[in-house]
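**Q** my questions concern the predicted model and sequence given below.
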Amino acid sequence: MAPLARLLAAYAPPAERDAHRLIWAYDERLAALVRSTTQPMIGQMRIAWWDEVLGDAGQIGQPGRKGVGDPLVDALRNAGIARRPGLGRMLDGWEALLETPLTDDALLLFAQARGGGLFAALADDAGDEDGLIAAGSLWAMWDLAAHLPPGGSAAAMAVALARRWLDPVEAMRWQRAHKPLRIATMLARADIARGAVPQPGLTPTRYARLLRIAMLGR
């Protein structure tokens, strides 16, 4: 897990921390899949494999068989979270990045499917709440901008598109159990509101901001 994801998972309710770590690990696996794909069709086949894994519920009293032996697949199933809402939607989001060159429509699909799906899975919620989808979308676009080539037009475009979710996020009323999501969203909001392309990783400034948000709520 990336350092930021590890810190965010630490703020989850104790009973949910393992689930959060596994969901973040799943998200990072999908990110690695897209980064390592040079041919869109191959990437789509690899994403389809994950779709089959999530859809394989197995028989009554027996676990699914697709992907057995893969440590992450086994862990997701053993933890009982392989069918959480949002995990399948994340596949659609990451698949959107296989499109080249990136378009506004592809970026918006990525934001809402990857980000909204991720936040729905972490919240163990179907994700129908507009605020949760908006928060996940804002965070996903911010995170993507940090990993795109610095100074490139795609990163600036991602930040500009993310601004559409600033008002819905500002109006959100967070549940106590969703503290990690609130911290992630507020981290992203600070950069997006300034129109700044974020730096990748957990910088000292970002770490200090995270602690301030965790303690003070802002």
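**A** Great, that's in hand. Being a predicted model, the structure only gives us computed values, none of them experimental. Numbers count the residues shown, from 1 in each chain.
**Q** can you pull the pLDDT of the residue lying closest to residue 97 once chain neighbours are set aside?
**A** Excluding the flanking residues, the one nearest residue 97 by C-beta to C-beta, 6 or more residues apart in numbering is residue 34, at 5.1 Å. Placement of C-beta: from N, CA and C, glycine included. With respect to pLDDT, residue 34 scores 95.
**Q** what helix or strand is the closest residue to residue 217 other than its chain neighbours on?
**A** Spatially, and ignoring its direct neighbours in sequence, residue 217 is nearest to residue 182 (7.8 Å; C-beta to C-beta, 6+ apart). Residue 182 is part of helix 179-194, with elements assigned from DSSP states H and E.
**Q** report the buried residues of that helix.
**A** 179-192 (16 or more other C-beta atoms under 10 Å).
**Q** tell me the contacts of residue 149?
**A** Contact analysis of residue 149 by C-beta atoms under 8 Å, 6 or more residues apart in numbering lists residue 155.
**Q** how about it, secondary structure?
**A** Assigned with DSSP: H, G, I helix; E, B strand; the rest coil, residue 149 falls in the coil class.
**Q** low-confidence stretches in the chain?
**A** 57-63, 126-128, 218 (pLDDT under 70).
**Q** so which residues of it form helices?
**A** Using DSSP state H, the helices of the chain run over 3-10, 17-35, 40-55, 71-78, 87-96, 104-110, 116-123, 130-147, 153-162, 166-170, 179-194, 204-216.
**Q** and the first one, what other elements does it pack with?
**A** Here helix 3-10 is seen to pack against helix 17-35, helix 179-194, helix 204-216 when contacts are counted using 3 or more C-beta pairs under 8 Å, 6 or more residues apart in numbering; DSSP states H and E.
**Q** a markdown table for these, including distance to residue 68?
**A** Listed next are the helices and strands packed on helix 3-10 as a markdown table, based on distance: least, C-beta to C-beta, whole Å:
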| stretch | distance to residue 68 |
| --- | --- |
| helix 17-35 | 16 |
| helix 179-194 | 30 |
| helix 204-216 | 37 |
